[in-house]
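> Pasting a predicted model and its sequence here:
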Number of protein chains: 2
Amino acid sequence: MVVSEYVRNLGSDHEQVVPVTMFVAVLCLCLVIGHLLEENRCVNESIIAILIGCIAGTIILLLSKGKSSHILTFNEELFFIYLLPPIIFNAGFQVKKKQFFQNFLTIMSFGVIGVFISAIIITAGSWWLFPKLGFVGLTARDYVAVGTIFSSTDTVCTLQVLHQDETPLLYSLVFGEGVVNDATTVVLFNAVQKLDISRIDSRTALHVIGDFFYLFLASTALGITAGLVTSYVLKTLTFGRHSSVREIALMILMAYLSYILAELLQLSGILTVFFCGILMSHYAWHNLSENSRITTRHLFATMSFIAETFIFLFVGMDALDIEMWRMTKLSFGTSMSIYSTLILLILLGRAAFVFPLSVLSNHMNRRAKRTSVITFKHQIIIWWAGLMRGAVSIALAFKQFTYSGVTSDPINATMIIDTIVIVLFSTLVFGFLTKPLISYLIPHHETIKIGQRESSSPREDLNTPLISLEEPTTSNITRAKDSLSMLIERPVCTIHFYWRKFDDAYMRPIFGGPVTSQSEC
Amino acid sequence: MVVSEYVRNLGSDHEQVVPVTMFVAVLCLCLVIGHLLEENRCVNESIIAILIGCIAGTIILLLSKGKSSHILTFNEELFFIYLLPPIIFNAGFQVKKKQFFQNFLTIMSFGVIGVFISAIIITAGSWWLFPKLGFVGLTARDYVAVGTIFSSTDTVCTLQVLHQDETPLLYSLVFGEGVVNDATTVVLFNAVQKLDISRIDSRTALHVIGDFFYLFLASTALGITAGLVTSYVLKTLTFGRHSSVREIALMILMAYLSYILAELLQLSGILTVFFCGILMSHYAWHNLSENSRITTRHLFATMSFIAETFIFLFVGMDALDIEMWRMTKLSFGTSMSIYSTLILLILLGRAAFVFPLSVLSNHMNRRAKRTSVITFKHQIIIWWAGLMRGAVSIALAFKQFTYSGVTSDPINATMIIDTIVIVLFSTLVFGFLTKPLISYLIPHHETIKIGQRESSSPREDLNTPLISLEEPTTSNITRAKDSLSMLIERPVCTIHFYWRKFDDAYMRPIFGGPVTSQSEC
């Protein structure tokens, strides 16, 4: 029997079996190759997955004689409902809470104000330049969407190079901004989609900002509630006897429930599940048996890892979407100039907020007599870390420009292709340059890194407890006494001090976790 | 806004979000209630899940004003591609290999010959009795399918009551038969579906049996290959440095790949993934880091647990499928007599092979001077353990009598309803009686059980190593010397002895696992 016919026969029986098999097989290949090339200086997991995706796409394209390059059409529902939640939840579960909350204001300014600035610059720039380059046909709404789509960053590449223990401030800023950025772009994209662009005035702008803050606060509240409920249930139920299977299942299901409930209530699932992850690692995790703790910690990391690899594979395969390429009507020159314009706008839009906001943050910290200063070298790394565009961009582009992954409009097809090219270019070229750049800017870091590689890369780190982050530093207690002047001068630190007292006195006894007598700032 | 309209609006945006949210929420509820009622004497996890499913179905039915009772249509593809693999893989991963292989012949005779006998009796009985009861319209192929559908057992209920440490022989027989039965019924069902029933002769029967054995051997070989490849890759790659995330991901993905590859090659995925699980626990598991071992062990148990609960919930919800109930044209009396007939045939079909095959097995064991004898009380428990019908029956019935979960034919709808009623009745009534029956037949067991409950129920068991099953019993080495007479008199034992020598000498050094110098039988 001819193989293709055989496969087609099977396809009618089990339409999902063939693509799932191939995807799982390619994923396994990615894992093994990723492990073998881990020591390599330039490539990282994402680049490997994208390249393998491209190769698999080429093979499928050749086998199907130029008909199709992908085995599963990219589906933004698959992405938002099944692939994104584990990644974001794991981010919340693993985040070093102390550092995250200490730099909370800086992270939020990068992640929220930064996205607004970047989106405005990219929207304005593309609105002004695209028609001049000979690419017309986008509506006002499309331009605003383009601004949001290309403001979403993907910091995975950089995080694989940075080390939490060596440059804690830098790591927490890049990591925190990445998560907040994901949430902000998705929330902003949805807020903008509801907008009637033809009648923009100051009230509409206020409306968008109001909507945005409502979504932000409501989503956070839902995430915190879900985390507390899970912690309380686990603490109450496991009193006296543990059932590992149920504990683990309940944590997974409640985390997922928080995400999908947020989506159902048209909130931001990303924010919800992120805060749910933070709360679960702070309370619920301490109510588990020892084996369940180890299992959940590794399980969430593994799920996130598989989802990430899956997404990058998808992006790689989608790059060869031959139908989309055929549909675009633009000449090679025009396409190239559009890609260059977008890259330039991305570089510019990011520079326009990273450097000013860093200076502002340094100024605030100096006033508050905090020692942590974002040096110029660190500012360059933060700027660079957010240049990569990833799966969120692709997913939003598909949401804006296709209907269930399919489009017949050449302009929409062009925008999809543009997004894919930008994602590929930024991940491959910028990603490739990240390791050398960081070694150049933080040379000390590089020399330590080689020796510590085995134990301190973010992925290997899992063998040591991730969540025992309550390193006691008692030196600040005395200084915290003069609370009123403290609150004015060092607001974050003081809030943190009183939060720890409240946490130890009321929250931990109810929701679980070790009660420590030390406070820290 | 009216809630239903709100939900409908959402549904058009994210068609999967609403049902997934409700399902996850109900699953969480099941977990918590299951944990609270764990001490209860009569109900068990499956009964709770089915009842909660029924209640959820009723609520949805009332909310939708009698239109529909389920939020997701039962999809046999969902079942066979996503829910069954983790359950069977976990069974293979957890099985006490020594006992399983010691009783291999008995298990295979129950699981293979038993299914054939039971299927023949149920097919013949229903063919003869259904028209007499006034239910006509089934084709010959349908009757054969009915025989296979109602020969599939669900031993979960019984396994929750039996204890591996107290009645090892009984447990391994019931457990082993359960797995082999799943595989046999699915393989037989597929073999029968390809058959041209109108021209049955002895050659056709031989053809079915030939097909069956080909499927059996090929599937097993594929599973063993997948397990060995994974073990080899893990042993080679992790040499010197472990990466927990990759190790765990690779094990999950390879296990799933073996299942889906078997389905793609039209083999039996169940058998493949079962043997893959056995091989992985025997070799691959030993190549992991300590944390990965704990994680995989609990992870597989959790996945299996979630999938099981999910299936029982589904069955409960499906029971109220109002459209199916409306479609059947039979009177109440006829329906009742059909249900009774099927129950009787199930009781008879199972009795027809459990007692004779047990006697045969005892005879063989006596000749081989083995002490393990299946007492009459144990035979009754084995007979009873296989009376429950579960998700496999439902899935096969949907495969035979619907097209993608929908049917418009009243006869097909009747058969679906019959299957659901039998599954509900057997799980609820027989399942409810299981604990009292076993306490009555093995009273000692019951008294020990209450004391040991915390540590020795199959689910709680997970805290102690599941796979360290190589308890050394050196007493048999000397007896194994006289190998030729041994091979004749005690074939299983002798094969096991030589297998251990081969395993220690060649397999373990290549594929991983601790090399022990002791052998056992």
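Great, that's in hand.

> what's stretch A:299-308 in contact with?
When contacts are taken as CB atoms under 8 Å, 6 or more residues apart in numbering or on different chains, the neighbours of stretch A:299-308 outside the stretch itself are A:27, A:45-46, A:49, A:82-84, A:86-87, A:89-91, A:93-94, A:156, A:248, A:252, A:277, A:459, A:462, B:244-246, B:248-249, B:252-253, B:295, B:299. Heads up, the C-betas are built off the backbone N, CA and C, glycines and all.

> What about A:Leu133, how many residues nearby?
17 (other CB atoms under 10 Å in any protein chain shown).

> Spell out the residue ranges of the helices in the stretch 401-521 of chain A.
When assigned using DSSP state H, counting those that start in this stretch, the helices of the stretch 401-521 of chain A occupy the ranges A:410-425, A:431-441, A:443-456, A:476-479, A:483-489, A:491-502, A:508-511.

> Next, the buried residues of stretch A:31-48.
Within stretch A:31-48, the residues that qualify as buried are A:Leu31, A:Val32, A:Ile33, A:Gly34, A:His35, A:Glu38, A:Val43, A:Asn44, A:Glu45, A:Ser46, A:Ile47, A:Ile48, counting by 16 or more other CB atoms under 10 Å in any protein chain shown.

> just to revisit the earlier point, ok, of the contacts of stretch A:299-308, which come out buried?
For the contacts of stretch A:299-308, burial is judged from neighbour counts taken by 16+ other CB under 10 Å, and it is met by A:27, A:45-46, A:49, A:83-84, A:86-87, A:89-91, A:93-94, A:156, A:248, A:252, A:277, A:462, B:244-246, B:248-249, B:252-253, B:295, B:299.

> Next step: the residues you listed restricted to helices.
A:27, A:45-46, A:49, A:84, A:86-87, A:89-91, A:93-94, A:156, A:248, A:252, A:277, B:244-246, B:248-249, B:252-253, B:295, B:299 (DSSP state H).

> from the buried residues of stretch A:31-48, which are also near chain B?
On the criterion CB under 8 Å from any CB of the partner chain, A:Leu31, A:Val32, A:Gly34, A:His35, A:Glu38 are the entries of the buried residues of stretch A:31-48 that sit beside chain B.

> Go through those and name the one with the lowest pLDDT.
Lowest pLDDT within these is found at A:Glu38 (75).

> Am I right that that one is in a helix?
No. With DSSP: H, G, I helix; E, B strand; the rest coil as the criterion, A:Glu38 is assigned coil and is not in a helix.

> Now do the nearest residue to it once chain neighbours are set aside: how many residues are near it, please.
If you skip the residues right next to it in sequence, A:Glu38 has B:Ser243 as its closest partner in space, 7.5 Å away by CB to CB, 6 or more residues apart in numbering or on different chains. Applying other CB under 10 Å, we find 23 residues neighbouring B:Ser243.

> A:Leu342 too?
25.

> Contacts only, for it.
So A:Leu342 contacts A:Ile122, A:Ser126, A:Phe150, A:Asp418, A:Ile422 (CB under 8 Å, 6+ apart).

> Quick check: of these, which lies closest to A:Ala140?
Lowest distance from A:Ala140 to the contacts of A:Leu342 (CB to CB) belongs to A:Ser126, with 11.5 Å.

> Give me the distance between that closest one and A:Val187.
Distance of A:Ser126 to A:Val187, computed by CB to CB, to the nearest Å: 21 Å.

> A:Met303 too?
Relative to A:Val187, A:Met303 is positioned 24 Å away (criterion: CB to CB).

> picking up where we left off before, can you pick the most crowded of the contacts of A:Leu342?
A:Phe150 (30 neighbours).

> Give me the pLDDT for it.
Confidence at A:Phe150, expressed as pLDDT, is 93.

> so it sits right up against A:Leu396, yeah?
No. The pair A:Phe150 and A:Leu396 does not pass the contact test of CB atoms under 8 Å, sitting 9.4 Å apart.

> Alright, I will stop here.
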